[in-house]
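**Student:** sequence-free structure coming up:
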């Protein structure tokens with residue numbers, strides 16, 4: 001069963017990811033209906049597929065195949081024949097759609113079950129994934145705005161329910177396993193600034209600034225002037241209001257525009273969580289921006305992005321329901337199709353995938369605490385989709401199906417921003433600062 005949740009988007013002993021285990025209560029299915037012979041034969045097929053995960057298949061009337069494990073990690077309770085067929089034929093779509101609609105329930109610890117199922121994914125991808133890659137639609141200017149609106153303009157109040165206080169919606173940095181989310185997000189902001197070796201008075205351009213946390217952090221703690229681009233109306237409205245409250249409008253300018261329209265020369269370029277939304281077809285556009293905007297003498301940049309070890313599209317259900325138009329690139333694709341054409345050299349690469357699994361564990365726990373409020377405001381299907389998206393993404397990072405890369409680069413003829421990593425502290429200078 002190829003349920004590979006690949007954002008976005010577990011905790012086996014090898015990942016050292018801490019989290020609270022949540023149990024989803026079983027669902028009664030079709031009240032009074034009995035499963036038939038065809039249903040039970042299909043359940044047997046599905047059970048053979050998921051057997052390596054240690055997960056039990058259970059039909060809506062309580063029937064389970066004889067081959068089901070006696071002490072399962074958890075159970076998949078399916079609500080009808082349509083769901084069984086979908087899980088056998090096209091699980092990447094069917095699992096998410098059925099869970100979202102309430103036709104599939106997980107009995108037992110939610111995240112560990114998803115992680116176990118994620119490990120069953122084909123290492124080289126399915127024919128559907130190869131077809132999706134071949135038919136991918138490029139992110140035009142209008143298409144990019146539409147895709148961003150689909151995910152990021154759901155409302156600031158929604159994200160404020162479960163993100164940290166500064167609304168940082170990207171991987172945090174945990175220098176110790178017991179660090180809380182607020183401190184870990186601030187440590188990530190500092191780590192980005194320290195890798196760029198920002199100096200007071202320098203100019204920085206940020207592509208895809210979210211709610212403005214990094215731009216404001218760079219200005220406040222490093223004394224740089226930031227021009228931040230975004231096409232999310234909701235996020236920009238919040239960022240501008242915060243800049244006004246914190247008296248940083250003289251150092252930070254938020255612009256409602258696409259990264260392709262960046263103009264000018266800057267000491268540093270930074271993008272955290274935006275590259276996944278560019279798409280391979282427009283990597284050349286980003287290369288042009290980097291070439292034309294990063295100063296050749298002393299300039300540098302950082303790309304922070306969800307990626308892969310080998311080329312594969314995003315999980316089909318995630319693309320349909322959560323992140324339309326997104327693509328997690330490999331390091332090779334970024335190096336050869338973005339940085340090399342921009343005449344940039346890679347200075348440093350760091351993989352923070354387990355930090356993202358930990359971040360998602362925090363998000364999932366926070367989301368679980370407000371899921372009733374989310375259901376009341378946005379509906380049960382929406383709540384279940386986001387519950388699955390967060391937990392499934394956590395499983396994808398924990399199992400290594402997706403990675404989180406930070407790449408520092410500089411013009412090939414210039415000096416790198418640092419000689420060794422010793423200049424990058426493991427703790428944040430701003431951890432104890434008030435907001």
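**Tutor:** Nice, thanks for sending it over. Just so you know, these numbers come straight off a predicted model, no measurement behind them.
**Student:** Mark out where each domain of this protein begins and ends.
**Tutor:** Using automatic domain parsing, the domain parsing of the chain gives 23-131, 141-423.
**Student:** would you list the ones you listed in CSV and tack on mean neighbour count and mean pLDDT?
**Tutor:** Just so you know, the C-beta spots here come from the backbone N, C-alpha and C atoms, and that holds for glycine as well. Listed next are the domains of the chain as CSV, based on neighbours: other CB atoms under 10 Å; pLDDT from 0 to 100:
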stretch, mean neighbour count, mean pLDDT
domain 23-131, 18, 86
domain 141-423, 20, 93
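**Student:** quick one, what contacts residue 182?
**Tutor:** By CB atoms under 8 Å, 6 or more residues apart in numbering, residue 182 lies in contact with 164, 165.
**Student:** any idea which helix or strand comes after the helix or strand that contains it?
**Tutor:** Using DSSP states H and E, residue 182 maps to helix 181-196. Using DSSP H and E, the next helix or strand after helix 181-196 towards the C-terminus is strand 203-207.
**Student:** excluding its backbone neighbours, what's nearest residue 57?
**Tutor:** Residue nearest to residue 57 in three dimensions, not counting chain neighbours: residue 47, with 4.5 Å by CB to CB, 6 or more residues apart in numbering.
**Student:** Quick check: the one you found is in a strand.
**Tutor:** No: going by DSSP: H, G, I helix; E, B strand; the rest coil, the assignment for residue 47 is helix, not a strand.
**Student:** What ranges does the stretch 301-435 of the chain have for its helices?
**Tutor:** Taking DSSP state H, counting those that start in this stretch as the criterion, the stretch 301-435 of the chain carries its helices at 316-321, 331-334, 353-378, 380-399.
**Student:** Out of the ones you listed, flag the one nearest residue 34.
**Tutor:** Proximity to residue 34 (CB to CB) singles out helix 380-399 among the helices of the stretch 301-435 of the chain, at 26.2 Å.
**Student:** Now do the closest one: distance to the chain's middle.
**Tutor:** Averaging C-alpha positions (CA atoms, centre = their mean, to the nearest Å) puts helix 380-399 10 Å from its chain's average.
**Student:** That helix versus helix 353-378: what angle between them?
**Tutor:** 180 degrees (axes from the mean of the first three to the mean of the last three CA atoms, to 10 degrees).
**Student:** for helix 380-399, packing partners?
**Tutor:** Counting contacts by 3 or more CB pairs under 8 Å, 6 or more residues apart in numbering; DSSP states H and E, helix 380-399 packs against helix 91-101, helix 110-118, helix 316-321, helix 353-378.
**Student:** now these as TSV including distance to residue 160?
**Tutor:** Below are the helices and strands packed on helix 380-399 laid out as TSV (distance: least, CB to CB, whole Å):
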stretch	distance to residue 160
helix 91-101	23
helix 110-118	23
helix 316-321	21
helix 353-378	10
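**Student:** Out of those helices, which is closest to residue 176?
**Tutor:** Nearest of these (CB to CB): helix 353-378, 10.8 Å.
**Student:** The closest one versus helix 110-118: what angle between them?
**Tutor:** For helix 353-378 against helix 110-118, the angle by the same axes, to 10 degrees is 120 degrees.
**Student:** Let me see the contact set for the residue nearest to residue 290 when sequence neighbours are not counted.
**Tutor:** Using CB to CB, 6+ apart and skipping residues adjacent in sequence, the residue nearest residue 290 is residue 342, 3.8 Å away. Taking CB under 8 Å, 6+ apart, we find residue 342 in contact with 286, 287, 288, 290, 291, 294.
**Student:** do the same with residue 159
**Tutor:** So residue 159 contacts 167, 169, 211 (CB under 8 Å, 6+ apart).
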